[in-house]
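Chemist: 3D model of this:
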Amino acid sequence: MRHHVPIRLRWADLDAYNHVNNSTMLTLLEESRVRAFWASPGVGDGPEPDRPLAVIDAAAGARTLTLIARNEVEYLAPITYQPEPLDVQLWFGKLGAASAEVCYEVWSPVGPPESERTRYTIAASTIVFIDAETSRPRRMSDAEREAWTPFVEEPVRFRGARGA
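Modeler: Model prediction:
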């Protein structure tokens, strides 16, 4: 199962070549990840795309930092400006003890069924859960693992992947 997060482009997301810059893609992935996993006031009461996939365990949430240990991004097609939101799909490629691999596919906006969609980008981020007081990794809680397990799928397969 995947979580869909609609992400709107801003004019500032485009570079001199009139497409989304590679460094901006990391920001768009970050925005989708934050919207998918961490609730903020007023979020989660709206339609399905705005509902967080699973909130960091409330008991540990205020004491938890999430750090990116690794990002890998493969650009499949340039993204030009469009007013409709991109469809960023997220899932877990792996749940570890104190880390998780978040996988992404960035697709053109959802349109009528007969319209052909473009897959622009595939990516994966390894996030590590850190206890804010000790600055040490913390184990994923049983509640987090239970909430996130339905969203585990095969990890992203990159072309020319190392070790393949």
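Chemist: CA only for contacts and neighbour counts going forward, please
Modeler: Noted.
Chemist: For stretch 96-104, list the C-alpha coordinates in PDB.
Modeler: Extracted C-alpha coordinates of stretch 96-104, given in PDB (Å, rounded to 0.1, in the frame of the first residue of the first chain):
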ATOM      1  CA  GLY A  96      14.900  -1.600  10.600                       C
ATOM      2  CA  ALA A  97      15.300  -1.400  14.400                       C
ATOM      3  CA  ALA A  98      16.100   2.300  14.600                       C
ATOM      4  CA  SER A  99      15.800   3.300  10.900                       C
ATOM      5  CA  ALA A 100      13.500   3.000   7.900                       C
ATOM      6  CA  GLU A 101      13.900   3.300   4.200                       C
ATOM      7  CA  VAL A 102      11.300   5.600   2.700                       C
ATOM      8  CA  CYS A 103      10.700   5.100  -1.000                       C
ATOM      9  CA  TYR A 104       9.200   7.600  -3.400                       C
END
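Chemist: List the residues that contact D13.
Modeler: D13 is in contact with 19-21, 24, counting by C-alpha atoms under 8 Å, 6 or more residues apart in numbering.
Chemist: In PyMOL, select just the buried ones from the residues you listed.
Modeler: Only the buried entries of these go into this PyMOL selection, using 16 or more other C-alpha atoms under 10 Å:
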select buried, resi 20+21
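Chemist: Pick the one among the contacts of D13 closest to P85.
Modeler: Taking C-alpha to C-alpha as the measure, V20 is the one of those closest to P85, at 13.4 Å.
Chemist: doesn't Y75 make contact with that closest one?
Modeler: No. Using C-alpha atoms under 8 Å, V20 makes no contact with Y75, being 10.5 Å away.
Chemist: R2 contacts V88, correct?
Modeler: No. Using C-alpha under 8 Å, R2 is not in contact with V88; the gap is 9.7 Å.
Chemist: Out of the two, name the residue with the larger neighbour count.
Modeler: V88 (26 against 17; other C-alpha atoms under 10 Å).
Chemist: who are the neighbours in contact with that one?
Modeler: 4-7, 29, 32, 104-107.
Chemist: Format the contacts of D13 as a markdown table; extra columns: distance to R136.
Modeler: Listed next are the contacts of D13 as a markdown table, based on distance: C-alpha to C-alpha, whole Å:
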| residue | distance to R136 |
| --- | --- |
| H19 | 39 |
| V20 | 35 |
| N21 | 34 |
| T24 | 29 |
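Chemist: wait, what's in contact with L9?
Modeler: Residues counted as contacts of L9 (C-alpha under 8 Å, 6+ apart) are 81-83, 85-86.
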